[in-house]
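**Q** need a structure here:
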Amino acid sequence: MNKIKQVIETFPKTDIWVDSFHVEDHKAAIALGSVGVTTSPTWVSRMMLNEDQQANVEKIIADNPNDNEFEIMWKWTLAMGKERSKVMLPIWEAGQPQKGRFSIQTSILEYRNAERMIEMAEEVDALGANMQVKIPATTAGIKAMEEATYKGISVMATICFSVDQAVAVAEAIERGMKRREAEGKDNTMLNPVCAVLLGMQEDWLKDYAEKNNIVVHPSALPWAGVAICKKVAEVYKERGFKTRILTAYYRHHLHYSEFFGGDIIMTIPYKWQKRFDNSDVVVEETMSKKVDSKIMEELFKLEPFVKAYSENSFVMDLFDSIPPVILTIRYFTQCYEDALTEVKNIMLPDPLK
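**A** Predicted coordinates for the structure are as follows:
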């Protein structure tokens, strides 16, 4: 039905990216109109576990005899990113710095270490002109984003679940850009982005309601991530932040259809792109439409939603203690460790097998 093409043509400011590290997904998504790529620790793990990467890893091991599995894993991620980001270069080279981007996340294991994340950001940025660096919106991550921006790196905040985190992200990026401006440096090629994780927000709130025996109308919970993201968009517009919002982690079509017409990025796994492309979802402007007041009344029964939706709920020093942040870091870490185990198995093959 070509619904994605219809969205792109109707709303030129609404960009579609694909969330995947797989080459086949990239090519297929570009054919549907995607103009960027996001990856994550989950995709790094899937690529390591589901693709035949043994020869690539063995070469990196041979070339770096003093490296442990963590260092080998990071070098392999960079090598894959350098090669696979080329698919987006023609779009980037067309002259629009917001399009044709390929994002790689700093190691999730370093979420508390600002200096290491800055170093990793520089390594990712050096892979190619169209690279984007994902950094978690943790306490250390916010600090890393300002410094990386100052160094001329296009950053993308991730693991963002609250208005306070999103504002801290945008303010950090503004500080970095202003420092550059004060030194006469050009910011026109920067592409700052803040990813708001919709599906994981919803997953967490469902589990919270279940654990605490709170009855919320079942039609309300699918709107939780949507409501928070729309609030972030409202705040960004009011304050004139240069950072763009990106929606991520899809569970249903509201995570797609409620953002039509916005100056926003939607990074959608290819399997969801296929579903949306063949759906009967009406293509009409929805970004400016507020979530129904009755839905909001239901969501406000959940204290974590109220905190995520409201400003001044979390100081930056407490970002690491936000429950969905903890849950996501735990999940990403487990995925990453699964891939590390595979690297270790290649480095030290079991002699009994």
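**Q** and Lys353, what is it in contact with?
**A** Not one residue lies near Lys353 by Cβ atoms under 8 Å, 6 or more residues apart in numbering. Where C-beta positions appear, they are placed from N, C-alpha and C, glycine not excepted.
**Q** Against which helices or strands is the helix or strand of the chain with the lowest mean pLDDT packed?
**A** The least trusted helix or strand in the chain, going by mean pLDDT, DSSP states H and E, turns out to be helix 41-50, with a mean of 88. For helix 41-50, the packing partners by 3 or more Cβ pairs under 8 Å, 6 or more residues apart in numbering; DSSP states H and E come out as helix 69-84, helix 323-347.
**Q** can I have the helix or strand hosting Val133 written out in CSV, keeping just the CAs?
**A** Using DSSP states H and E, Val133 sits in strand 131-136. This file holds the C-alpha atoms of strand 131-136, laid out as CSV (Å, rounded to 0.1, in the frame of the first residue of the first chain):
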residue,chain,number,x,y,z
MET,A,131,28.4,8.8,11.8
GLN,A,132,26.1,9.5,14.8
VAL,A,133,27.1,8.5,18.3
LYS,A,134,24.5,7.2,20.7
ILE,A,135,25.2,8.0,24.4
PRO,A,136,22.9,6.9,27.3
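**Q** quick one: the helices in the stretch 51-200 of the chain?
**A** Ranges of helices in the stretch 51-200 of the chain, per DSSP state H, counting those that start in this stretch, are 54-63, 69-84, 89-92, 114-125, 139-150, 163-182, 198-211.
**Q** List of residues touching the fifth one?
**A** I take that to be helix 139-150. Residues from elsewhere that reach helix 139-150, judged by Cβ under 8 Å, 6+ apart: 106, 111-115, 117-118, 121-122, 125, 133, 135, 155, 157, 159, 168-169, 172-173, 175-177, 179-180, 190, 192, 316-320.
**Q** can you do 6 Å?
**A** With contacts defined as Cβ atoms under 6 Å, 6 or more residues apart in numbering, helix 139-150 is touched by 112, 114, 117-118, 121, 135, 155, 168, 172-173, 175-177, 179-180, 316-317, 319-320.
**Q** If you count neighbours, what's buried in that helix?
**A** 139-150 (16 or more other Cβ atoms under 10 Å).
**Q** again with the shortest one
**A** Residues of helix 89-92 classed as buried by neighbour count (16+ other Cβ under 10 Å): 91-92.
**Q** just the longest one next, same as before
**A** Of the residues in helix 163-182, those scored as buried under the neighbour-count criterion (16+ other Cβ under 10 Å) are 163-174, 176-177, 180.
**Q** Now do Met189 against Gly262, distance only.
**A** Going from Met189 to Gly262 by Cβ to Cβ, to the nearest Å gives 23 Å.
**Q** ok, those two, which is more surrounded?
**A** It is Gly262, of Met189 and Gly262, that has more neighbours when counted by other Cβ atoms under 10 Å, with 23 against 11.
**Q** Show me what the one helix or strand Lys231 maps to is packed up against.
**A** Taking DSSP H and E as the definition, Lys231 sits inside helix 224-239. With contacts taken as 3 or more Cβ pairs under 6 Å, 6 or more residues apart in numbering; DSSP states H and E, helix 224-239 sits against helix 163-182, helix 198-211, helix 303-309.
**Q** low-scoring stretches of the chain, by residue?
**A** Where the chain drops to pLDDT under 70, the residues are 1.
**Q** before we move on, the earlier item: distance to Lys13 and mean neighbour count for the helices and strands packed on helix 41-50 - can I get that in TSV?
**A** As requested, the helices and strands packed on helix 41-50 are exported to TSV (distance: least, Cβ to Cβ, whole Å; neighbours: other Cβ atoms under 10 Å):
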stretch	distance to Lys13	mean neighbour count
helix 69-84	27	19
helix 323-347	28	18
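**Q** Reformat those as JSON lines; add distance to Arg101.
**A** JSON lines is the format used below for these (distance: least, Cβ to Cβ, whole Å):
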{"stretch": "helix 69-84", "distance to Arg101": "12"}
{"stretch": "helix 323-347", "distance to Arg101": "21"}
